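# Sequence first, predicted model second:
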Amino acid sequence: MGKSIIRLAENDSEFKVIGKIEVNPNPEFEIVSSLGDVKDACDCIIEFTSPQATMTHLKWAKQKHIAMVIGTTGLTNEEVQTIEDAAGEIPIVFSPNMSVGVNVLFTLIEKTAKMLGSEYKPSIKEAHHVHKKDKPSGTAELMARIAGFAQKNTKVPIESVREGEIIGDHEITFESGVDTIKISHSARQEIY
């Protein structure tokens, strides 16, 4: 994702990339060693890394009053809450998935869960390639939070599959004694 963001930003005159941080430096990019190296020239931190790095960079952004875009997955509930609390102090765009289709899926889940009520029990199945580090995916966890909250904090089970080179499949099922409703999203290609 970092490579894609850098490529897009460098090809758009409205953006200026002033620093790139990498745990395992890639010789393809000029890397700074820390956010402190970018001084005060930064308007926004775009963060698609690890939970630990995200929390460190969030603290720095709050101190400097700098906006953030966060797409990091694998965060704990406490880390998510920290991000949500920080959004009261600085501008933050936070989503485990920046795909337009998946964000439509989030909206459909919320509306469906509210309309159906507690008579319909939600469950989620997600599948990704064998290289994916987090399990369940951040997208599936947010789907569960959305449906659970809409149904008054219902615990939503998630089944995770890691096989082959699946880009990303997410499906939520709402089941009752009368019928079953399914909403799904399948990625056809990586967006980066």
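Good, I have the coordinates.
# any idea which helix or strand comes after the longest helix belonging to the chain?
Secondary structure of the chain per DSSP state H: the longest helix is helix 100-116. Where DSSP states H and E defines the elements, the next helix or strand beyond helix 100-116 is strand 121-128.
# chain center to that following strand, what's the gap?
Chain-centre distance of strand 121-128: 16 Å, with Cα atoms, centre = their mean, to the nearest Å.
# still on that earlier bit, CA atoms of the longest helix of the chain as CSV?
Presented in CSV, the C-alpha positions along helix 100-116 are these (Å, rounded to 0.1, in the frame of the first residue of the first chain):
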residue,chain,number,x,y,z
VAL,A,100,-15.1,2.2,-2.2
GLY,A,101,-17.0,-1.1,-2.5
VAL,A,102,-16.1,-2.2,1.1
ASN,A,103,-17.2,1.1,2.5
VAL,A,104,-20.5,0.7,0.7
LEU,A,105,-20.6,-2.7,2.3
PHE,A,106,-20.1,-1.2,5.8
THR,A,107,-23.1,1.2,5.2
LEU,A,108,-25.3,-1.7,3.9
ILE,A,109,-24.4,-3.8,7.0
GLU,A,110,-25.4,-1.0,9.4
LYS,A,111,-28.7,-0.3,7.7
THR,A,112,-29.5,-4.0,7.3
ALA,A,113,-28.7,-4.8,11.0
LYS,A,114,-30.9,-2.0,12.2
MET,A,115,-33.8,-2.9,9.9
LEU,A,116,-33.7,-6.6,10.8
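# helices or strands up against it?
helix 138-150, strand 169-175, strand 180-186 (3 or more Cβ pairs under 8 Å, 6 or more residues apart in numbering; DSSP states H and E). Placement of C-beta: from N, CA and C, glycine included.
# hmm, who's touching it?
Identification of contacts with helix 100-116 by Cβ atoms under 8 Å, 6 or more residues apart in numbering yields 95, 97, 120, 122, 139, 142-143, 146-147, 150-151, 170, 172, 174, 176, 181, 183-185, 187.
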